[in-house]
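# next come a sequence and a model predicted from it.
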Amino acid sequence: MASLVPLKLYLGDVVQMRKSHPCGSDQWEVLRTGMDIRIRCVGCGHVVLMPRRRFERAFKRFVRRPVLEPPPQTPPPAP
């Protein structure tokens, strides 16, 4: 059964797919998110645009995620 919540993707994510690309690499960098996902092969640079549903079925795991800014810290209340 498919998940009702879409996979949270960010630009710059590097993901591992279930099948490897003909160049031998199975790692892809996320270039675009939305209804369609644009990914680039880390091995040869080939770019593919695929529907999100097909991407989520072929997705295996995250290899690297971009560093996101930490949320702003609120100062502690004064006594």
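Done, it's in.
# pLDDT below threshold where in the protein?
Scanning the chain for pLDDT under 70 picks out 1-3, 68-72, 78-79.
# so where do the strands sit in it?
Here the chain has its strands, by DSSP state E, at 14-17, 27-32, 36-41, 47-51, 59-64.
# for the ones you listed, could you give me CSV that also reports mean neighbour count?
(Glycine included, C-beta is placed from N, CA and C.) CSV is the format used below for the strands of the chain (neighbours: other CB atoms under 10 Å):
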stretch, mean neighbour count
strand 14-17, 18
strand 27-32, 18
strand 36-41, 19
strand 47-51, 12
strand 59-64, 13
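# between those, which one is nearest to Lys8?
For these, the distance to Lys8 is smallest for strand 59-64, at 10.0 Å, taking CB to CB.
# roughly how far out does that closest one sit from the chain middle?
7 Å (CA atoms, centre = their mean, to the nearest Å).
# partners of it in the sheet?
Here strand 59-64 is paired, per DSSP bridges, with strand 14-17 (antiparallel).
# alpha carbons only: can I get the strand it pairs with in CSV?
What follows is strand 14-17, C-alpha atoms only, in CSV (Å, rounded to 0.1, in the frame of the first residue of the first chain):
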residue,chain,number,x,y,z
VAL,A,14,21.6,12.4,-2.7
VAL,A,15,19.5,9.2,-2.8
GLN,A,16,20.1,5.6,-3.6
MET,A,17,17.7,3.9,-6.0
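# give me the contacts around that strand.
26-30, 39, 42, 58-64 (CB atoms under 8 Å, 6 or more residues apart in numbering).
# redo that, cut-off 7 Å
By CB atoms under 7 Å, 6 or more residues apart in numbering, the residues outside strand 14-17 that reach it are 26-30, 42, 58-64.
# farthest-apart pair in these, please.
Greatest spatial distance in the contacts of strand 14-17: Ala58 and Arg64, 17.9 Å, computed using CB to CB.
# pretty sure Leu9 contacts Thr33?
Yes: using CB atoms under 7 Å, Leu9 is in contact with Thr33, at 4.7 Å.
# hang on, the earlier thing: could the contacts of strand 14-17 go into TSV alongside distance to Pro76?
Listed next are the contacts of strand 14-17 as TSV, based on distance: CB to CB, whole Å:
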residue	distance to Pro76
Asp26	47
Gln27	43
Trp28	43
Glu29	40
Val30	38
Val42	44
Ala58	46
Phe59	41
Lys60	43
Arg61	38
Phe62	34
Val63	38
Arg64	34
